[in-house]
Every structure is written in C-alpha cells, then in structure tokens.
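[1] Would you be able to build a 3D model of this:
(4 chains)
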2 protein chains.
Amino acid sequence: MKNMREKILDVATLLFDARGINASGVDTIIAESGIAKATLYKYFPSKNQLIIAYLREKSDRFYAWLNQKLQSRKANPKEILYELCGLVEQWITTPEFHGLPFHIASVEFPDPAHPINSYSVELSNELQHYLMRIARLAGARDPDTLGQQLAIIFEGAALIERLSPGSGAASRAKKAALTLIEASL
Amino acid sequence: MKNMREKILDVATLLFDARGINASGVDTIIAESGIAKATLYKYFPSKNQLIIAYLREKSDRFYAWLNQKLQSRKANPKEILYELCGLVEQWITTPEFHGLPFHIASVEFPDPAHPINSYSVELSNELQHYLMRIARLAGARDPDTLGQQLAIIFEGAALIERLSPGSGAASRAKKAALTLIEASL
DNA sequence: GGGTGTGCAGACAGGTCTGTCTGTTTTTAT
DNA sequence: ATAAAAACAGACAGACCTGTCTGCACACCC
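    As a prediction, the model looks like this:
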C-alpha cells in the first residue's frame, strides 16, 4: 500500500469531525483504520502532527472547493462577493459539516502556547484575510472591516447551525451578510 | 464554613475559563481551593454537575448584568436594542472574558447525547430567544430573524476576539449589528 | 534464496483522569 | 463538655491516554 498516510488521515478526519479531537484516541484511530500503531507513528511522529495535518487538509479542501465554485462563474468581483454568501450557506448546511475545524481545535487546545492553538489562530486569520481580499476586489469602502464582519457572521452561523441544526441560522446569516455587503459598497 | 459550595464553584470557574473544562481536573480544583476531595464530591456528586452549575451561574450572571445595565437606562425599546450592542461589545472586550461558556462546553462535549451538550444547546437557545424578545419589543419587522442574526454576530465576535484579541472584532461586530438593526426597523 | 523494507499484533511504561474509601482532625451545637 | 457533623489528607481502584518497543509475517529485488 502506498497510500497509508492518506488512509490514516481519512479515518482520523472522520473521527475528529464526529467525536472531537481529544475524544478520538490513537488506539481508536488505528482500530478503525486497521493499521498498526507503529505505522501511524511512522507517518505522523506524534498525534499533534496528525492533528496539524488534519487541520491543514480541511482548510485546503475548503478553499479549493470555494475557489473552484467561484471561478467557474467568471463573474465580476461584486458578483463574486454575493456568490460567496450562497456558497458558505451551502457549505454550512451540508450534512458532512461539523463546525469549523480550527475553531474546534482552538477550544480543545486553549493554551496559547500550544502549537495547535497557534496553528488554529493562523487558520482563522487566513480565513479573515481571504474574505478581506475578496471584499477589496469587490470595491468595498472598508474591505478589512467587511471581510472581518463576514468572517464573524460565517463562524457564528457555523457555530449556531451546529448547536441547533435546522434553526435557519445559515440562511439568516446569508441574509445578514448580504445586508452588510450592500451597506458597504 | 457555610460557603464551601460557593468557594468550589468560584475556583472551578476560574480554572474552566482559563484552561478549559476538560483540562481542569478535579485534583487541580481541590488543590487550588484548598478543600478535600470528599468535600467537593459532597456538594457536587460528579464533575458533570459541577460543570452544569458553572454554566448556569455564568449565564445567570450575564443576564443579570445585562438587564441591570439596560433597565437603568429606562430607554424606549429601540434605544434598548442599540444600547445592547454597545454592552455586548463591552462584555466581549472585558479582559475577564474567555469566550461564551456554553459554546466552549458544546465543543468540549460534542456528543449530542451527553447532558452537558444538551444543556449547552439549551443555553444557546436561551440567548437567541432573549435577543428575539428584545427585537420584538423594538418593533423589528422580523424579530426572530434579527434576534438570531444578532446571536450569530455576537457569538462569532466572541470567538474571533478570543482567537485574535485586539483585532477589532468586537467593535466591528457592533457596527455590523447596528447596520442589521437599522435595516430591520 | 538471502537480505531488506514494510506492516501487523500487542505488551508495556508512565502519565492522567474520575470517583470511592479510610482514617484523623477540626468545627459546631447543645 | 460532649456528641455529632463536617472537613481534611491521601491512598486506591479502574479506566484511559500517548508513545515505545519487541517479535513475527509477508513481499520484493537482486
């Protein structure tokens, strides 16, 4: 097998998403993926590095999906901003969605000195800057403010949608985002 | 001592806020508060019940503080809505603020069948309904939507302010909330 | 066919956690 | 002053965690 690393990461992703990171022990991961413990520790020298890889891949996949959807529209920058809101709503209400991973990680590892917490902060900033960039391209009056406001709304909606699924948080968040965008252009 | 329960809860609150719930063991709580383990288990038959008490008290204190501040203004309902945004910003940027407790608890106990998760959902709904009620009193066109949108913004801001303190999330969230309120009246 | 790399199975060490239990000491009430 | 209640100190059980290590099986390549 060449794709051992991939298999481990896939199983870990499923478990981390469904049960949380700390609640998913290494023993569970190896049992679930049918590999030996030594193999896991060969590809990921520590559980922390496995978690980092999980966070990195989750993030990469999200941006890849978003960029692909946005670019296929070939719309002008303003339309991209509008389109974005719909895509985020879609992302959040997907049944496979379990909350923003870096957000969950930052709560499970609250010590700012812990590498996973630092990395979560990094990923959170990444999302904010991504949204600020789009806001800038769209010609928002204060793109940094609008970008961070969108990040706030998306993360809040992800949280509430996870706590009370089906309460309409995602669609109301989309509406709120559109209101802010219109007020900012 | 009559206030053993109170002392335990105070120490637990400090630890839960600063280091997280799962990271604060019973042994740490008793060492930090100088009581015996049996005493803790007398007042709180399990750690879960201590956590529940912590969540309940945090919530109570928040609403008490908010109501007191809001009522002292004796303003009309619309002004209360505006005032609320400033108070929440103030609350979030207080140095003692460590994130919304029920939100943190729901991440640390992600299993929906776990009593702490259920209770977190309850407290999250409580906040949403509190905000919906104020929106209704203020005469919002769609108070349930506005209330939930405010909850989304406040929780998102709390999260980002905790992840990147000093990034201006709280004040931008306040601005966003005011924009939504004006658009909804 | 022998050597090398890869993976499996599982024991083990050393730490942490919650919760119980046994004594001893201190406080409180009558 | 004496009896009862409460708190202390800390050992202990039983479970879980990460990470290491040993021994064995299989495959591949020269």
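
[2] Helix or strand: which one has the residue in chain A positioned nearest to chain B?
    Closest to chain B within chain A is A:Gly156: 2.8 Å, counting by C-beta to the nearest C-beta. In this view, the C-beta of every residue, glycine as well, is placed from N, C-alpha and C. Using DSSP states H and E, A:Gly156 sits in helix A:143-163.

[3] cool, and A:Gln128?
    helix A:115-137.

[4] Give me the three-state assignment for A:Ile80.
    Here A:Ile80 is helix, with the state taken from DSSP: H, G, I helix; E, B strand; the rest coil.

[5] DNA strand C contacts on chain A?
    A:1, A:4, A:34-39, A:42 (C-beta under 7 Å from any atom of the strand).

[6] Can you spell out which helices and strands pack onto the helix holding A:Gln128?
    helix A:47-73, helix A:77-93, helix A:101-108, helix A:143-163, helix B:143-163 (3 or more C-beta pairs under 8 Å, 6 or more residues apart in numbering or on different chains; DSSP states H and E).

[7] follow-up on the earlier one: quick check: next helix or strand after the helix holding A:Gly156?
    Using DSSP H and E, the helix or strand that follows helix A:143-163 towards the C-terminus is helix A:169-184.

[8] got a pLDDT number for the nearest residue to A:Pro110 once chain neighbours are set aside?
    Nearest non-adjacent residue to A:Pro110, counting by C-beta to C-beta, 6 or more residues apart in numbering or on different chains: B:Gly20, 4.4 Å away. B:Gly20 carries a pLDDT value of 96.

[9] A:Pro112 sits in which helix or strand?
    Assessed by DSSP H and E, A:Pro112 sits outside every helix and strand.

[10] Next, it: phi, psi?
    phi -60, psi -20 (degrees, to the nearest 10).

[11] Now do the nearest residue to it once chain neighbours are set aside against B:Ile92, distance only.
    Nearest residue to A:Pro112 in three dimensions, chain neighbours excluded: A:Ser118, at 7.2 Å (C-beta to C-beta, 6+ apart). Look at A:Ser118 and B:Ile92: by C-beta to C-beta, to the nearest Å, they are 22 Å apart.

[12] now A:Glu108
    21 Å.

[13] do the same with A:Ile160
    According to C-beta to C-beta, A:Ile160 stands 16 Å off from B:Ile92.

[14] Compare neighbour counts for the two and give me the winner.
    A:Ile160 (27 against 22; other C-beta atoms under 10 Å in any protein chain shown).

[15] May I have the residues that are in contact with the more buried one?
    A:167, A:169, B:124, B:128, B:148, B:151-152, B:155 (C-beta atoms under 8 Å, 6 or more residues apart in numbering or on different chains).

[16] now do 6 Å
    Shown in contact with A:Ile160 (C-beta atoms under 6 Å, 6 or more residues apart in numbering or on different chains): A:169, B:152.
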